[in-house]
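Participant: A predicted structure for the sequence below; I have some questions about it.
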Amino acid sequence: MTYWAAGQRVTGEALEDFIQRGVENVTFASAASHTRTITFPEPFSAPPIVHTNIAAAPGTIARWNSRAITVTATDFVLFVFKGDNADANVAWTDIPVHWIAVAA
């Protein structure tokens with residue numbers, strides 16, 4: 001699918017029609033995983049492609065992963081989980097998780 005024609009200028013406003021992004025500061029008590037629903041600032045016309053990234057990883061949080069699940073046109077569920085079951089459960093306090101959503 002093409003979003004622009006040859007010679008067309010792509011402005012920040014045009015990009016907002018199909019790219020949205022944000023940062024969610026995540027806090028939870030000791031656990032092996034955590035979910036949180038993130039609502040897009042503007043609804044998409046269809047479920048977008050969403051990527052996530054844990055932006056700060058002190059200690060054993062460096063071994064954790066994140067991903068988007070249950071993606072709809074209006075929101076997605078941020079799922080963070082420990083990468084190795086042998087690791088102890090941990091608590092998070094304001095750990096930033098970045099996300100970007102691109103129209104599919």
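Facilitator: Nice, thanks for sending it over. Numbering: from 1, shown residues only.
Participant: what ranges of this structure fall below the confidence cut-off?
Facilitator: 1-17 (pLDDT under 70).
Participant: now the helices for this structure?
Facilitator: Using DSSP state H, the helices of the chain run over residues 12-16.
Participant: wait, residue 80 touches residue 65, no?
Facilitator: Yes. Using Cβ atoms under 8 Å, residue 80 is in contact with residue 65, at 7.1 Å. Every residue, glycine included, has its C-beta placed from N, CA and C.
Participant: quickly list what's touching both of those two.
Facilitator: Taking Cβ atoms under 8 Å, 6 or more residues apart in numbering as the contact rule, residue 80 and residue 65 both touch residue 54.
Participant: of those two, who's got more company?
Facilitator: residue 80 (22 against 13; other Cβ atoms under 10 Å).
Participant: what bridges to the more buried one?
Facilitator: residue 34, residue 66 (DSSP bridges).
Participant: report the separation between it and residue 73.
Facilitator: Going from residue 80 to residue 73 by Cβ to Cβ, to the nearest Å gives 23 Å.
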